[in-house]
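Asker: please work out how this folds:
(chains A, B and C)
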Amino acid sequence: MSKDQDKRLYLIDAYAMIFRGYYALIRNPRLTSKGLDTSAIFGFSNSLIELIRREKPSHLAVVFDIGKENVRTADYTEYKANRSETPEAIQIAIPYIHRILEAMHIPVLGVEGYEADDVIGTIACKAEKAGYNVFMVTPDKDFAQLVTENIKIYKPGNKGSDVEILGVEEVKQKYGIEDPKQVIDFLAMMGDAVDNIPGLDGVGEKTAMKFLKEFGSIENLLENTHQLKGKLKEKVEASAERGILSKKLATIICDAPIDFDEDKYDLEDPDFEKVREVFDEIEFRRLYENLYRAFKSEAADPAIADPGKISRYEKVNIPKDASGTVQLDLFANFEDLEQATSTKSTIAENDHLYQFVDQPKAQKMLVNNLLQQQTVCFDTETTSLNEMEAELVGMSFSYKKGLAYYVPLSENRDEALQTIEIFKPFFEKESILKVAHNLKFDYKILRLYGVEIKGNLFDTMIAHYLLNPEGRHGMDYLSEIYLNYQPVSIETIIGKKGKNQLSFREADLQTQTIYAAEDADVTFQLYQIFAPQLKKENLEDLFYKVEMPLMEVLAKMELEGVSLDEAWLKQESIDLENDLKQLETKIFELCGEEFNMNSPRQLGEILFEKMQLDPKAKKTKTGQYATSEDILQKLVSKHEIIPYILEYRTYQKLKSTYVDALPAQIDKDDHRVHTNFSQTTAATGRLASVNPNLQNIPIRTLRGQQIRGAFVATEGKKIISADYSQIELRLIAEISDETNMIQAFQNGEDIHASTASKLFGIPLEEVTKTQRSQAKTVNFGIVYGQSAFALAEQTGLSRSEAKQMIDAYYETYPKLKEWMTEQVHKARKIGYVETVLGRKRHLKDINSNNFVVRGHAERNAVNAPIQGSAADIIKIAMINIDRKLDEENLETKMLLQVHDELLFESPVEEVQSATELIRTQMESAFETKVPLVVEVGVGKNWLEAH
DNA sequence: GCGATTTA
DNA sequence: TAAATCGC
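Answerer: Numbers count the residues shown, from 1 in each chain, chains lettered A, B, ... in the order given. Predicted coordinates for the structure are as follows:
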């Protein structure tokens, strides 16, 4: 096709694309070695290059809002992300993006005083008249109003979703309308917070669609409001004027003062050298290759142009005369595949060999082959994400980039076990490094099928967690970021979440093979990237000696589960229900109206509008009344209703979150609750407990405490609870070498009272309860990295009083203050802080110009080493206890970890020796000057033991 | 302060 | 999606 005939113009909505790119990477920002956040630049450039590669536009232009960049960015942040600070990364990005566009010879458009939308609208209309097909490149649905036969929306794909092109038909279908122009009416009716369009009161998406069907336009609706009824009628009529205004606001102008100069938009080759210069400066390496390919490759879309490259999978056939000697060749026929690294390639574009291996003979050959390898990556496919109820569907293996095997397993458990038996030698061979993503899952599954994985382990998810604790660690995500490769999404195979979702087993064998093999392949490639990085960052010990062994301990704890007193919970649920009913009656009586007590919004309106309890009631950021506990607490004297509300809230929480939810989580087979300890969610290094969360079982209130009583030991056993006393404060003293605090601990003093005595300059014996409590709050504030502001909020002190208190605290513990300053300096200089075991926390915001953001990073610089070190130490203790219990052949089982506490179930006759073992291991897990003290309790249940 | 969970 | 509340 000659260029004259090919008239396809792509108009890129620059800011929308920049923001989109930035927020796509928000949890894993791209940083240069100097700490510059290049997420926005990367996101934009990547989308741009991807667009050129895929579509080969004949004409292309990028449209900015000009002259008021800062106003525009402020708008976007406020509405789009609900954040008060403007992301610095975006402001930094703009000049770079302009340089890149200039080097790429791509024209930049904009008209002062007009929004980018209007410029795009104007050019699109003019280009259409000139015979162009126009694509408006934007994620913004407002542009749907401009869609015609020749003007379409081009919504770039991101992870999981493919490119979406919205033409007339798609727009009609999406909004259930007859003409794309009606999108304006749609927006005018329902409003749009992002663009500050008010809309009609009481009209949301659903109602707007209904109105459009019925009335066609907002004007027609407003003329016929008599057809409506009830509240809706009132609301719509009352806001009619705003509706008309909204229509004006929602309309994209198509006559901005700008000409369509088609020659200017011709897509030319970039000045590669110049682009490279900019990319080098901000350390984009792969992107340059992608850019080069985008312009130099011939086909518009390699996947379509070259069908030979689509995925190959084949069955491994055993030759008829196969003897033991035919062996390995079948598995060695795949040499040195060059990977095509186009921008974010997919399975269709990469060379690979994925094979399924379903014959026992072939499986044995595969195992023999695996046994020759030093490092093998594997993955299991199951019918469920819950290990306890999951059935194995298949296993995949990879030990070389681009090469993977899939072993399907029979639905019949005995047959499956036979196949698994073939692979046992591999799993049990110590010398092979076994790699998987989220290995704990596979470890548990295989254990339930009688396989105990041995030897060194490598979990790519945990590896990434150590490299970047704050980031996301999903395999698909990591693949896109580190391999520039988009794996097949599980949803394309088994459908979206919901009742219609298939089980993996229901997919056909070839589909299973592609998906499973790809997972193993991708994980292997991630291993190749992460392993050297761990070494480089000195994280190998933490990884191989702490996190990976801990993974096994956690797997065992999760499989063990904990026993609950179901009968008690059942009765307590009934009791709470009755109490709640009574409280509700009382509350309705006192306010003279019935409403939904579980809706903070309704409660706020009752308290502050109807009852006028506080003329200056605080609002939340979305404008409703705040009714959180601390706020209600301040109103106790205002009205007798408040205590009832507080009590209702407490009981409601207890009932829904614990008393009713826990029994529902009991396993049908072993009648125990199996939580999941996530090793990669808390950025500080702590664990997190999910499904259910057993790390927040109540303890503060009497009624709440009773729930701990429902965590029971089974017949003939006892619960042992062992917790570190003040471990964080002890570590603060230890790490900062703060003599005043160290001595207090060495003398076995009550640390909060001791702090109070020093803080207020009075003898220890004279410290009052209030003083101790204040000192305790400050101690906690330090431990949790609270700001002075938050401390003031919590203590009820004024901000300056809180500041004074903190200053006095620093004077009391000068070395501590010194250490804190040092941490912040360290973070500023090298970009991270670390724990006693070298666990890192990167603080990219430490040099931010925004004091809120920077303050946050500064508190993290102090808090992360402390909380993280405590996490390190209990992790060591857990590993050592697990080993010792095993060595001494004790039947005592570790059940739960609650940050500074461990819970065990122990046969009565073992309790004494176990207790001693646990205490010793915990107290000696890490050598310190400050004694680590552990308090141990024993009982029939958790309440008694604690 | 963080993380999990429930509810509207 | 936001608010509230539980733990450490």
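Asker: could I get the buried residue list for stretch A:665-675?
Answerer: Within stretch A:665-675, the residues that count as buried by 16 or more other Cβ atoms under 10 Å are A:666, A:672, A:673, A:674, A:675. Where you see a C-beta, it was placed from the backbone N, CA and C, and this is true even at glycine.
Asker: looking at those residues, which are in helices?
Answerer: Nothing among the buried residues of stretch A:665-675 maps onto helices, per DSSP state H.
Asker: what residues does chain A put near DNA strand B?
Answerer: With the criterion set to Cβ under 7 Å from any atom of the strand, chain A comes near DNA strand B through A:596, A:598-599, A:601-602, A:656-657, A:661, A:678, A:681-684, A:686, A:688-693, A:695-696, A:784-787, A:790, A:856, A:859, A:863.
Asker: need the buried ones from those selected in ChimeraX.
Answerer: Remark: buried members of those, expressed as a ChimeraX selection using 16+ other Cβ under 10 Å:
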select /A:657,678,682,683,684,686,689,692,695,785,786,787,856,859,863
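Asker: look up phi and psi at residue A:503.
Answerer: Residue A:503 adopts backbone torsions of phi -90, psi 150, taken as degrees, to the nearest 10.
Asker: that one - how many residues pack around it?
Answerer: Residue A:503 has 13 neighbours, counted by other Cβ atoms under 10 Å.
Asker: how near is it to residue A:241?
Answerer: To residue A:241, residue A:503 is 55 Å away according to Cβ to Cβ, to the nearest Å.
Asker: tell me which element residue A:589 is part of?
Answerer: According to DSSP states H and E, residue A:589 maps onto helix A:566-591.
Asker: is any part of whichever helix or strand comes after that helix close to DNA strand C?
Answerer: Remark: after helix A:566-591, the chain's next helix or strand is helix A:600-605, criterion DSSP H and E. Yes. Part of helix A:600-605 sits near DNA strand C under the criterion Cβ under 7 Å from any atom of the strand, namely A:600, A:604.
Asker: can I get helix A:600-605 as CSV, trimmed to CA atoms?
Answerer: Provided in CSV are the C-alpha atoms of helix A:600-605 (Å, rounded to 0.1, in the frame of the first residue of the first chain):
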residue,chain,number,x,y,z
PRO,A,600,-21.5,4.9,58.8
ARG,A,601,-23.0,7.3,56.3
GLN,A,602,-26.5,7.0,57.6
LEU,A,603,-25.2,7.1,61.2
GLY,A,604,-23.3,10.3,60.5
GLU,A,605,-26.4,12.0,59.1
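Asker: what does that helix contact?
Answerer: Residues outside helix A:600-605 that contact it (Cβ atoms under 8 Å, 6 or more residues apart in numbering) are A:595, A:596, A:597, A:617, A:624, A:625, A:626, A:627, A:645.
Asker: now list the buried members of the residues you listed.
Answerer: Using 16+ other Cβ under 10 Å as the burial test, the contacts of helix A:600-605 include A:595, A:597, A:617, A:624, A:625, A:627, A:645 as buried.
Asker: element containing the last one?
Answerer: Taking DSSP H and E as the definition, one finds residue A:645 inside helix A:641-653.
Asker: which elements pack onto that helix?
Answerer: Counting contacts by 3 or more Cβ pairs under 8 Å, 6 or more residues apart in numbering; DSSP states H and E, helix A:641-653 is packed against helix A:566-591, helix A:629-633, helix A:702-705.
Asker: hang on, the earlier thing: kindly reformat the contacts of helix A:600-605 as a markdown table containing pLDDT.
Answerer: Shown next, in a markdown table, are these (pLDDT from 0 to 100):
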| residue | pLDDT |
| --- | --- |
| A:595 | 89 |
| A:596 | 90 |
| A:597 | 90 |
| A:617 | 88 |
| A:624 | 87 |
| A:625 | 91 |
| A:626 | 90 |
| A:627 | 92 |
| A:645 | 93 |
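Asker: re the thing from before, from the buried residues of stretch A:665-675, pick the one nearest DNA strand B.
Answerer: Ranked by distance to DNA strand B (Cβ to the nearest atom of the strand), the buried residues of stretch A:665-675 are led by residue A:675 at 7.7 Å.
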